[in-house]
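>>> heads up, no residue letters with this:
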Ligand SMILES: NC(=O)C1=CN([C@@H]2O[C@H](COP(=O)(O)OP(=O)(O)OC[C@H]3O[C@@H](n4cnc5c(N)ncnc54)[C@H](O)[C@@H]3O)[C@@H](O)[C@H]2O)C=CC1
Ligand SMILES: CC(C)CC(=O)C(=O)O
Ligand SMILES: [Mg+2]
């Protein structure tokens, strides 16, 4: 198969982790007879430096002309980078938000799965981890607070900032359907997370989710307030199958869920619309604190490439091969620094490796 892939390497660790995902894809191409053609697309801080804006119209067109986009991450240190002195619409993150909106990527799938080999990297107690857990966070990605009206102004001599959170019933219905659809292929349980004890948008969310649930009698569902969910994720993560939630809650809860899998460097993601197109990226950011050191974990990006093969190209066998190779490498004891055993856990049989070695090891096993 010929696959046209847009590649956004981005900033910080972005180029380092994307290189490893391409290395694994190269191996898949050789072994299974596929041709991956890449088009480099500028987005984020690197685009600001080159063009003055975080995402040009040409970049959006290049993404649209691709079958799928594979991305690293964008942004810099939000306290020290000169990018954050720019107006909000010119900062790196504005490029990513614009791309998600332009491509209508409303469904963000973030699978949080604890590999049994990584139990020692999980900060939770053994009795909480049990046999491990496997949840899918279904995050709404093109509405809510990140896309609402915002302004900063002086009112009666007092500096005042406003961000608004809006959802309409259609936006809620389409993501809720996606959540229930995916639950049907999993353990048939949806936990819809909101803040309906306070927010109007959450009350509408709850009402629409209940309507959608009627079409899925086999799926059990519950509502959970977001503050409780944040607590339950560390108290008993095994209880979750599909977590269905709005944009900002999903952003925060998925970072929390990632840590119980061992590291943010393990959490892949797919951002989908109503077509086969998808944007595939690790859930974490550009990690400026470790960029350039060659120690970032490339697994989330490699697993995102596997999601790309599965969801956009229907190459299930090849996606399975990547996922199995990741499992195998972990089984053989190879770890980047972020997934090394926690203090007090045994390091017997464990070998610490750098980003490129981890990519080589996985590529050799697909
Ligand atoms: N999708 C994207 O491109 C995203 C971009 N960002 C941007 O990234 C920049 C940094 O944000 P932070 O809050 O520091 O979050 P971050 O996710 O970049 O880093 C948080 C912590 O996780 C570690 N980490 C992240 N990915 C890792 C990996 N693959 N391997 C090992 N360790 C990893 C980092 O070293 C850091 O200690 C900001 O400019 C932010 O806006 C944040 C989230 C998503
Ligand atoms: C620009 C941000 C909303 C990106 C982010 O934190 C994420 O998608 O997880
Ligand atoms: Mg995030």
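Received, thanks. If you're wondering where the values come from, they're calculated on a predicted model, not measured in any experiment. Numbers count the residues shown, from 1 in each chain. Ligands and ions are numbered 1, 2, ... in the order given.
>>> mind checking pLDDT for residue 93?
What the model reports for residue 93 is a pLDDT of 98.
>>> Show me what the host helix or strand of it is packed against.
Per DSSP states H and E, residue 93 falls inside helix 92-102. In this structure, helix 92-102 packs against helix 45-51, helix 57-64, with contacts taken as 3 or more C-beta pairs under 8 Å, 6 or more residues apart in numbering; DSSP states H and E. For every residue, glycine as well, the C-beta is placed using N, CA and C.
>>> out of those, nearest to ligand 2?
Evaluated over the helices and strands packed on helix 92-102, closeness to ligand 2 peaks at helix 45-51, with 12.3 Å, by C-beta to the nearest ligand atom.
>>> Any residue of that closest one touching ligand 1?
No: Helix 45-51 stays clear of ligand 1 (C-beta under 6 Å from any ligand atom), getting no nearer than 8.1 Å.
>>> avg pLDDT for that helix?
For helix 45-51, mean pLDDT rounds to 98.
>>> Which parts of it count as buried, going by neighbours?
Residues of helix 45-51 classed as buried by neighbour count (16 or more other C-beta atoms under 10 Å): 45, 46, 47, 48.
>>> can you give me how far that helix is from the chain middle?
23 Å (C-alpha atoms, centre = their mean, to the nearest Å).
>>> now swap in stretch 193-211 and tell me
On C-alpha atoms, centre = their mean, the centre of stretch 193-211 falls 24 Å from the chain's centre.
>>> pLDDT on stretch 99-115, on average?
Averaged over stretch 99-115, pLDDT sits at 98.
>>> my bad, should have said stretch 352-366
For stretch 352-366, the mean per-residue pLDDT is 98.
>>> can you list the residues that contact that stretch?
Here stretch 352-366 makes contact (C-beta atoms under 8 Å, 6 or more residues apart in numbering) with 13, 16-17, 19-21, 23-24, 26-28, 31, 294-299, 302, 318, 321-322, 324-326, 328-329, 332, 334-337, 340.
>>> swap in stretch 313-333?
With C-beta under 8 Å, 6+ apart as the test, stretch 313-333 has contacts from 1, 3, 24, 28, 31-32, 34, 67-68, 115, 117-118, 276, 299, 302-303, 305-307, 309-310, 349-351, 358, 361-363, 365-366.
>>> mind running it again at 6 Å?
3, 28, 32, 115, 117, 299, 306, 309-310, 349-351, 361-362, 365-366 (C-beta atoms under 6 Å, 6 or more residues apart in numbering).
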